[in-house]
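Engineer: here you go, sequence then predicted model.
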Amino acid sequence: MLPKLIEIIKDAGKLLKNFYYGSFEVNYKGLIDLVTTADLEVEKFIKNSLKEHFPDIPLIAEEGAIALNRPPQGLYFLLDPLDGTTNFAHRLPWFAISLALMRDLSPEIGIIYNPLTEELFYAIKGEGAYLNERLIKVSERAPLIQCLLATGFPVSKIMEKSKHFMIPFEEFMIKTRGVRRFGSAALDLAYVACGRYDGFYEAYLKPWDTAAGLLLVKEAGGKVTTYLGEPYDPFKDTICASNGLIHDEMLEILKDKHPEQFKPFRNPLPAVDVIIEYQGGIVLIERKNPPYGLALPGGFIEYGERVEEAALREAKEETNLDIKLKYFLGYFSDPKRDPRFHTLSLVFVAEGEGELRGKDDAKLAKVYKIDEIPWQNLVFDHASILKIYLNRRKENELKGLAL
């Protein structure tokens, strides 16, 4: 099986190389997340070749992938036809094809190929790791201060919370010989496997980014875990790979830097939330980003911005509504209210008018009648805030009746 897979990947490498020295189109999957015609054509070529020679093994590939509710079972391929698309689009010669044959959560075969350098890394579970038929091993360098690391920053998250990635990067920079960030996780892991790098870490990588590299590092004698030191599989959201000798030193830095729990700021961040009364109900948004769920419209107060201005801006950006502030409900400062940051939120009650539409960080904006609010789906401390609002509203109504 391995010789045929290598043949397919090398042929795909020739196609990729032709695109690199020729012409291709660049399109956008996100604000800075690119896809080229080379990605699509190389994926198509490999997909058809695998289907011809291994018709009973399904393929999960980056450009054609659908959202996975849970990891697949049995045998399947994981493919990244072009890991390092941004480099490729800018004609930087640092990218690779990455293919893994998986059994449940574990890679059985891993292949990573850089068609420009013609370096072919491959491994079979239990049979070692190789570079162009030469057995490779991880480095024997230690301690951490004598080592060279690699990392990357996730294009889907770096715009949202850059500090979560820059702070561990800065810490590693002063505790190692250096940290390289070249833009291809597959090659970074291959370089750990052959001893060029001593370690690698990154968050929010996709399964096809790491599956082949995971096997290479392990078969070359290295160690791979999550930031918390748990056993790693390609469906985990953090990875720390090393020669094993410096792994504990790396985890000492990473263990409290998981981007979903790490709070990088010393002082609370000022924010606003807005309870918008609209068409007889309350407006809630469905969040695009973690923590996922329903929330009140709101966000951070920008430098030089008045609190009231921030409330109007955030309401407009996330719901498309123009609002009129009615009153200030209160401020909420529980450090646990936001799993990402320690925030101090000022909450306003407002009336909304216009066409309701989810925008910006809101996947959807919807009006809920009070008796229809899905309390269990509310994130942050918005359930308790809404209950305080409802109690206040009830008190005001009773005062009105008393008058």
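Structural biologist: Cool, the structure landed.

Engineer: count of neighbours near residue 223?
Structural biologist: For residue 223, the neighbour count with other CB atoms under 10 Å is 22. No exception for glycine: its C-beta is placed from N, CA and C like everyone else's.

Engineer: need the three-state assignment for the closest residue to it other than its chain neighbours.
Structural biologist: Of all residues not flanking residue 223 in the chain, residue 244 sits nearest, at 4.2 Å (CB to CB, 6 or more residues apart in numbering). Per DSSP: H, G, I helix; E, B strand; the rest coil, the local secondary structure of residue 244 is coil.

Engineer: from residue 127, how far off is residue 244?
Structural biologist: Going from residue 244 to residue 127 by CB to CB, to the nearest Å gives 19 Å.

Engineer: next one: residue 231
Structural biologist: For residue 231, the distance to residue 127 - CB to CB - is 21 Å.

Engineer: okay, these two: which has more neighbours?
Structural biologist: residue 127 (12 against 9).

Engineer: show me where the stretch 101-250 of the chain has helices.
Structural biologist: 163-173, 185-193, 207-219, 247-254 (DSSP state H, counting those that start in this stretch).

Engineer: ok now the third one, how far from the chain's centre?
Structural biologist: Its chain's C-alpha centre lies 18 Å from the corresponding centre of helix 207-219 when counted by CA atoms, centre = their mean, to the nearest Å.

Engineer: same question for the last one.
Structural biologist: Going by CA atoms, centre = their mean, the spacing between the C-alpha centre of helix 247-254 and its chain's C-alpha centre is 21 Å.

Engineer: measure stretch 244-258 end to end?
Structural biologist: With CA to CA, to the nearest Å as the measure, the first residue of stretch 244-258 is 20 Å from its last.

Engineer: go ahead and confirm residue 289 touches residue 361.
Structural biologist: Yes - Residue 289 sits in contact with residue 361 when judged by CB atoms under 8 Å, with a separation of 6.2 Å.

Engineer: of the two, which one has the most company?
Structural biologist: More crowded of residue 289 and residue 361, by other CB under 10 Å: residue 361, with 18 against 12.

Engineer: confidence score at that one?
Structural biologist: Per-residue confidence (pLDDT) for residue 361: 86.

Engineer: now the most centrally placed residue in the chain. Its backbone dihedrals?
Structural biologist: Nearest to the mean C-alpha position of the chain, by CA atoms, centre = their mean, lies residue 204 at 3.2 Å. Phi and psi for residue 204, reported as degrees, to the nearest 10, are phi 70, psi 30.
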